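1. make a model of this:
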Amino acid sequence: MQTERRTTPYPFTWEVPAGVVTVVAVLLVAGVHFGRGLANWMAGAGWHWPGTVSLVTSVPEVLAGDATAGLVPSLATAASGAAVLGWVVAVEVFVLIVGTAVGAWLLRRWGPGRLKGMATVSEAEASLGLSRLRRVRRIIRPDLYPARRARS
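-> Numbering: from 1, shown residues only. Model (predicted):
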């Protein structure tokens with residue numbers, strides 16, 4: 001509707017896509033380790049998070065099913081490879097669903113296709129809402145709501 005009538009004063013540059021790619025990559029890496037942590041926790045090995053050095057480098061080993069990859073104190077008991085992969089897949093699917101929903105909301109709210117100049121809910125209520133209609137009902141329908149008489 002409005003997209004044909006307005007122009008964008010700024011060109012589409014690389015910063016926004018690079019930021020989106022970075023956020024998605026960080027969320028996916030964190031999802032892998034969160035899924036592995038849940039698998040170990042459910043197997044009775046406790047909650048463990050890798051150090052910052054092995055946060056990214058241990059992702060391929062975790063995706064191969066190694067429940068102890070990147071953990072500094074090696075675990076005596078750890079989850080099985082199938083449990084690790086199951087929890088990682090579940091967490092990643094959840095991250096992708098929530099990320100897609102948040103991304104769609106952000107694009108509707110601040111994206112290029114948003115409607116500009118729309119009133120907020122409270123602004124619409126103040127100018128068009130039921131409370132304003134009741135407040136000015138004597139002006140709108142003076143035959144139904146006569147003016148109040150001043151007390152003498």
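2. I'd like to know which elements the helix ranked longest in the chain is packed against.
-> With DSSP state H setting the assignment, residue counts place helix 81-110 as the longest helix in the chain. The contact analysis (3 or more C-beta pairs under 8 Å, 6 or more residues apart in numbering; DSSP states H and E) places helix 81-110 against helix 15-42, helix 59-63. C-betas here are computed from N, CA, C, even on glycine.
3. alpha carbons of the helix or strand of the chain with the lowest mean pLDDT, as PDB, please.
-> Of the helices and strands making up the chain, the lowest-confidence element is helix 121-128, at a mean of 83, by mean pLDDT, DSSP states H and E. Coordinates of the C-alpha atoms in helix 121-128 are reproduced here as PDB (Å, rounded to 0.1, in the frame of the first residue of the first chain):
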ATOM      1  CA  VAL A 121      -3.500   1.500  20.500                       C
ATOM      2  CA  SER A 122      -3.600   4.100  23.300                       C
ATOM      3  CA  GLU A 123      -3.600   7.000  20.700                       C
ATOM      4  CA  ALA A 124      -6.500   5.400  18.800                       C
ATOM      5  CA  GLU A 125      -8.400   5.000  22.000                       C
ATOM      6  CA  ALA A 126      -7.800   8.600  23.000                       C
ATOM      7  CA  SER A 127      -9.100  10.000  19.700                       C
ATOM      8  CA  LEU A 128     -11.600   7.400  18.500                       C
END
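4. how about residues contacting that helix?
-> Where contact means C-beta atoms under 8 Å, 6 or more residues apart in numbering, the residues beyond helix 121-128 that reach it are 119, 131, 132.
5. can you lay out those as CSV showing pLDDT and secondary structure?
-> Compiled in CSV, those are given as follows (pLDDT from 0 to 100; DSSP: H, G, I helix; E, B strand; the rest coil):
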residue, pLDDT, secondary structure
119, 79, coil
131, 85, helix
132, 84, helix
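6. what's the domain layout of this structure?
-> Structurally, the chain divides into domains by automatic domain parsing as follows: 15-118, 120-152.
7. please identify the most buried of the ones you listed.
-> Most buried of the domains of the chain by mean neighbour count (mean count of other C-beta atoms under 10 Å) is domain 15-118; its value is a mean of 15.
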